[in-house]
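Undergrad: Model the structure of this input:
(chains A and B)
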Amino acid sequence: MASKVLVVDDSMMVRQQVKRALGAADFAVVEAQDGMDALEKVMQNQDVCLIICDVNMPRMGGLDFLEALRKIPVFTSVPVVMLTTEAQPDLVARAKGLGAKGWIIKPFKPEMLLAAAQKLAASKAA
Amino acid sequence: MSTVFNDVERMLSRAAIDLFEAHGAATSKTPSVEPPHQETECIVATIGFAVADGSRGALVMVASPAAIAALQPPDGDEHSEMILCDILGEFSNMLLGRVKNILLPRGVTLLLGTPTTAYALKLRLSSPFSPCRWLAFVVNDHAIRVRLEVALANDFPLADDAGESPMAAREGEMIVF
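TA: Numbering: from 1, shown residues only, chains lettered A, B, ... in the order given. Got it, this is the predicted structure:
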């Protein structure tokens, strides 16, 4: 069965780019357009093995989503990679403190994202 | 216009060229530009920012549907207004993000909003309340215009570029925790 990845970004273009990048491997992609939407989607897809998440989004940003996610017992250790235009050190430190596994600054290289996704999905499955 | 405004404008110009070229687009800057009064259809994206000292501003991008489709071809054959608005909105986000990353080592941290977009016919933009300037680029043989407006709370001096960037990483890079 395909490993499930949740992609959270308010840009449809970015979600499509991520979906295309992960399409090179056997990933099933679930999309959410902001942090609030992502919280609903993870509850409907508790088997997600990886979450790729933007930072600046309407309604609920990526770091607030990550903080809320970690309070849900089944998601305390699901791997999360932030994908954003931000490179501000205190934001990066907050993500790290909340247990994120990586931080990618847009625009991303598809092969790099795919390699990271494969590695993190494998570690979740192990 | 203040020295700070001129410095920020130069950063924006450099960031725009880098961003478009990072997407494989042949890019050049047009020396001077008037506000657009386009008779044909176009897409507008705007994104606001603020600084802790009370300074604030906005970035506005204006481009034709053809310019956007040439810069980032949408998936499939569908070039709907919604998709083109989304693409230009994301470019405005990435452009302002790059400006933020250039300003970080100069001691200024921008707080970014999220982009708002619109599809327009016979676009007429109202005059901003703040000082503004239009920049124009030719990207893949299409015009893309960018308006920078900044209201400075204080004409803060930008710190010298220390060379050592406090950025966690560069565009296109990944930090692994």
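
Undergrad: my read is B:Met94 is in a helix, agree?
TA: Yes. Assessed by DSSP: H, G, I helix; E, B strand; the rest coil, B:Met94 belongs to a helix.

Undergrad: On the three-state scheme, the closest residue to chain A within chain B is what?
TA: The nearest approach of chain B to chain A comes at B:Gly97, 2.6 Å away (CB to the nearest CB). (Glycine included, C-beta is placed from N, CA and C.) Three-state call for B:Gly97 (three-state DSSP): helix.

Undergrad: Look up the closest residue to it, ignoring the ones flanking it.
TA: A:Thr85 (2.6 Å; CB to CB, 6 or more residues apart in numbering or on different chains).

Undergrad: Pull the number of nearby residues for the residue of chain B closest to chain A.
TA: Using other CB atoms under 10 Å in any protein chain shown, B:Gly97 has 25 other residues around it.

Undergrad: Please confirm that B:Asp53 is located within a helix.
TA: No. Going by three-state DSSP, the assignment for B:Asp53 is coil, not a helix.

Undergrad: Burial check on it, number of neighbours?
TA: 11.

Undergrad: That one contacts B:Leu111, correct?
TA: No. Look at B:Asp53 against B:Leu111 with CB atoms under 8 Å: they stay out of range, at 11.3 Å.

Undergrad: picking up where we left off before, now do the contacts for the residue of chain B closest to chain A.
TA: A:84-87, A:106, B:112 (CB atoms under 8 Å, 6 or more residues apart in numbering or on different chains).

Undergrad: Pick out whichever of these sits closest to B:Ile175.
TA: A:Ala87 (9.1 Å; CB to CB).

Undergrad: May I have the secondary structure class of that closest one?
TA: Classified using three-state DSSP, A:Ala87 is coil.

Undergrad: Can you give me the separation between it and B:Ser92?
TA: Applying CB to CB, to the nearest Å, the value for A:Ala87 to B:Ser92 is 17 Å.

Undergrad: Tell me which helix or strand A:Lys124 sits in.
TA: helix A:110-125 (DSSP states H and E).

Undergrad: No further questions, thank you.
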